[in-house]
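# Pasting the sequence and the predicted model now:
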Amino acid sequence: MKKQLLLLFCLLLACLSACSTPIPLHPTVISPLPFQPAQTIPTTETPEDEIEETPEPHQETPPPNTGDIMVWQSRTGTKYHSIPDCGSMNPNNAKQITLEEAKARGLKPCSLCGPPQ
């Protein structure tokens, strides 16, 4: 493999040295187009007294049900995770449990993968 790469490099070097047009070693600077200010488009504005504001309906978002959120527990660890292969976890031995169950078992959230709390 090293011989092939060396041969390819030598071939490329030979082609470059045989080339009659010099190849610049730095990128060519392209001058920008001349500046043209943006055109303003006239608009018809509605007077402020004609604008009606519709109040947003107040919707309370219920707190998430921790029984629906799933997390991962390693076979021997004391933390719960958001992914089954966090750090040195063996994903084949990881078990998916609910967040509620993880908290009930006294597991703490992992600081690496940042699971839900």
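Looks like it came in fine.

# Show me where this protein has its helices.
Remark: helices assigned in the chain by DSSP state H are 2-18, 99-104.

# Comparing the ones you listed by mean pLDDT, which bottoms out?
Here the lowest mean pLDDT among those goes to helix 2-18, at a mean of 69.

# how long is stretch 99-114 from one end to the other?
Start to finish, the residues bounding stretch 99-114 are 13 Å apart (CA to CA, to the nearest Å).

# can you list contacts of that stretch?
Under the criterion CB atoms under 8 Å, 6 or more residues apart in numbering, residues 66-67, 69-71, 73, 77-83, 86-87, 97, 115-117 lie in contact with stretch 99-114. Bear in mind the C-beta positions are built from the backbone N, C-alpha and C, glycine included.

# mind redoing it with 7 Å?
Contacts with stretch 99-114, where a contact means CB atoms under 7 Å, 6 or more residues apart in numbering, come from 66-67, 69, 71, 73, 78-83, 86-87, 115-117.

# show me the contacts for Asp85.
Asp85 sits next to Pro91 when contact means CB under 7 Å, 6+ apart.

# got any ranges where the protein has weak pLDDT?
Within the chain, the segments meeting pLDDT under 70 span 5, 11-67.

# can you pull out the strands in it?
Taking DSSP state E, the strands of the chain run over residues 70-73, 79-81, 95-98, 108-109.

# Reformat those as a markdown table; add distance to Phe9.
As requested, the strands of the chain are exported to a markdown table (distance: least, CB to CB, whole Å):
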| stretch | distance to Phe9 |
| --- | --- |
| strand 70-73 | 48 |
| strand 79-81 | 46 |
| strand 95-98 | 51 |
| strand 108-109 | 52 |
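
# winner for burial among these?
Of those, the one with the most neighbours on average (mean count of other CB atoms under 10 Å) is strand 79-81, at a mean of 23.

# which residues touch it?
So strand 79-81 is contacted by 71-73, 89, 102, 107-110, 113, 115 (CB under 7 Å, 6+ apart).
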